[in-house]
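Asker: model this:
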Amino acid sequence: MGHVTDGDPLGEAAAELYSSDPDEFVERRGALAARAREAGQAPAAKQIAALRKPTRSAWVVNRLVRADPGAVAELAGLGEELRAAQSSLDGAAIRELSQRRRELIDSLARRAFTVAGLSAPPAAIRDEVTATLGAALADPQFAETLAAGALVRAVQAEGFGPVGKPTLTLVKGGGAARAPRGKTAPAQPARPAAPSADEVRAERERRRRAAVAEAERAAAEASQAADAATAAEHELEATVERLEEELADSRQALADARVQARRARTRQRSARQALERLQG
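Answerer: Predicted coordinates:
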């Protein structure tokens, strides 16, 4: 295990804690904070004690980032290209970059599980790791945060659509405009003219586009609902983990208090016995 030095105790402790197995996090955090206090580094000890335990999926991503710092740069670079393509509405470039996006995220996810030593990760962890990498590609600010290798929990991707199925920005309108009907001659009976083949095709295309737009809106709403539910789930998981950590810390404090109390009672008895001997 690592150790705290006079150089950067907080950075060194974070490097160890966010690279080590999460199951050992609480115990090692306590040991590193205690070591910093013993070394006279009280502010660093307080900061170390405040570091939060990562979920297993966040730990997997941290291991990847610390083992391969260039991974975040790859995500950020491709994300910038995708945003430029979407801004210019370059369909061909968007399709090509979307394919590269899927391939890059899949490749980095496999690399992350290899680094973490997880040959068969559970589906939930695999999905969270993939979503977090997608979020880093979509959000440059989050990519900078991820580069520190101290992620606490997974993050759901919000840009470029869900992983594996990029969603393009919808452009309102697009349907064929109807030509104004001509006026009928006063003496003519009002008989609708038979539509031409071109008009029939145009109407079918208009209806198809309207149906596609409606389906895309429904898919976007469903995706937003799923994202909200996932965010709520992750928030509750984080709350449970925080409470578990606080409970573990409280139990340790109680154990320490009991030891101190027993020692104090022993000293009290010894003092009374010495006093009684002197008085006798």
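Asker: residue contacts, residue 62?
Answerer: If you count contacts by C-beta atoms under 8 Å, 6 or more residues apart in numbering, residue 62 has them with 18-19, 54, 149-151. Using the backbone N, CA and C atoms, a C-beta is placed for each residue, glycine as well.
Asker: which one in those is the model shakiest on?
Answerer: Minimum pLDDT across the contacts of residue 62 is recorded for residue 19, with 79.
Asker: Adding distance to residue 204, neighbour count and secondary structure, write the contacts of residue 62 out as a markdown table.
Answerer: Shown next, in a markdown table, are the contacts of residue 62 (distance: C-beta to C-beta, whole Å; neighbours: other C-beta atoms under 10 Å; DSSP: H, G, I helix; E, B strand; the rest coil):
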| residue | distance to residue 204 | neighbour count | secondary structure |
| --- | --- | --- | --- |
| 18 | 57 | 25 | coil |
| 19 | 59 | 18 | coil |
| 54 | 53 | 21 | coil |
| 149 | 54 | 19 | coil |
| 150 | 55 | 20 | coil |
| 151 | 50 | 22 | coil |
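Asker: Name the nearest of those residues relative to residue 243.
Answerer: Distance to residue 243, by C-beta to C-beta, is smallest for residue 54 among these, at 16.0 Å.
Asker: so what's the closest one closest to, chain neighbours aside?
Answerer: Nearest residue to residue 54 in three dimensions, chain neighbours excluded: residue 152, at 5.1 Å (C-beta to C-beta, 6 or more residues apart in numbering).
Asker: check contacts around the one you found.
Answerer: Neighbour list for residue 152: 52-55, 58, 238 [criterion: C-beta under 8 Å, 6+ apart].
Asker: secondary structure class for it?
Answerer: Under DSSP: H, G, I helix; E, B strand; the rest coil, residue 152 falls in the coil class.
Asker: how much space between it and residue 51?
Answerer: 9 Å (C-beta to C-beta, to the nearest Å).
Asker: Which elements pack onto whichever strand or helix holds residue 210?
Answerer: In the assignment (DSSP states H and E), residue 210 maps to helix 197-279. Helix 197-279 makes packing contacts with helix 25-38 when contacts are defined by 3 or more C-beta pairs under 8 Å, 6 or more residues apart in numbering; DSSP states H and E.
Asker: report the angle between the axes of the helix it packs on and helix 197-279?
Answerer: Put simply, helix 25-38 runs at 50 degrees to helix 197-279, going by axes from the mean of the first three to the mean of the last three C-alpha atoms, to 10 degrees.
Asker: Just checking, which helix or strand succeeds helix 25-38 along the chain?
Answerer: Next along from helix 25-38, by DSSP H and E: helix 42-49.
Asker: any idea of the angle that next one forms with helix 197-279?
Answerer: 130 degrees.
Asker: Tell me, please, the helix or strand in this protein that averages the lowest pLDDT.
Answerer: Least confident helix or strand of the chain, by mean pLDDT, DSSP states H and E, is helix 197-279 with a mean of 78.
Asker: Cool, thanks, signing off.
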